[in-house]
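J.: A predicted structure for the sequence below; I have some questions about it.
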Amino acid sequence: MAVMMSATVTKDEATIALKRLTGGAGSGGRGGAISGPSIADRAAHTMVHEVLPDVFYGNLYNWKKTLRPGMPLMDTGTHLVSGFVYKVAGSIATIKNLFRYAHVHDKGMTIRAKNVPLLRFKPRGLGWMSKKEVVIPRRRFMFWSALAKTAVMRSVNSMLRAAVRGTK
């Protein structure tokens, strides 16, 4: 049994669409009993619980270092990595991050003082700072890298091979 994957990303979510292809090894055997939602669930689970944590903990996308000590997007109260959830509808899985400002970190943003002359803030480990604007750099994580696609397809194919062999 073969599976074709297509992936898209919008402002707020990433979507995986998986389609079982007919024919090929195992299409009529036990592997045929695996439903589209099961395949989508496996793909999304792999992305949320394996690929994305590796991206954050291992800085796999080579984000720039920050001025303050520590790891970007990991060691503050934001905990972006734990905000990922997914929903399966048919053979489509949608992945979102529930953290309120996830899109700011994914896309980058400039924050400017509006009602006061300067923004005043205290980055951990640096003390108080005042600036007219703060640039939050783009640190993409909601996109389908080759690494993500390979990991998801490896996991899905492993599930299919196990089903054909009759094991879990």
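T.: The structure has been received and is ready for your questions. Numbering: from 1, shown residues only.

J.: now the top helix by length along the chain: mean pLDDT?
T.: In the chain, taking DSSP state H as the definition, the longest helix is helix 146-165. What helix 146-165 shows for mean pLDDT is 86.

J.: list the buried ones in it?
T.: Neighbour-count burial for helix 146-165 flags 148-149, 151-153, 155-156, 159-160, 163-164 (criterion: 16 or more other Cβ atoms under 10 Å). For every residue, glycine as well, the C-beta is placed using N, CA and C.

J.: tell me the two of these that are most distant?
T.: The span of the buried residues of helix 146-165, defined through Cβ to Cβ, is set by A148 and V164 at 24.9 Å.

J.: re earlier: name the helices or strands packed onto the longest helix of the chain?
T.: Packing partners of helix 146-165 (3 or more Cβ pairs under 8 Å, 6 or more residues apart in numbering; DSSP states H and E): strand 2-9, helix 36-46.

J.: within its sheet, name the partner strands of the first one and how each one runs.
T.: Read it as strand 2-9. Sheet pairing of strand 2-9 (DSSP bridges) gives strand 13-21 (antiparallel).

J.: where's E133 relative to G127, distance?
T.: 19 Å (Cβ to Cβ, to the nearest Å).

J.: how about low-confidence regions in this protein?
T.: Low-confidence segments of the chain (pLDDT under 70): 1-3, 11, 20-33, 67-79, 167-168.

J.: change it to 80
T.: Scanning the chain for pLDDT under 80 picks out 1-14, 16-34, 55-81, 123-125, 142-144, 166-168.

J.: circling back to that earlier point, can I get the helices and strands packed on helix 146-165 in CSV with distance to L18?
T.: Converted to CSV, the helices and strands packed on helix 146-165 look like this (distance: least, Cβ to Cβ, whole Å):
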stretch, distance to L18
strand 2-9, 5
helix 36-46, 5
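
J.: among the ones you listed, show me which one is buried the most.
T.: helix 36-46 (a mean of 21; mean count of other Cβ atoms under 10 Å).
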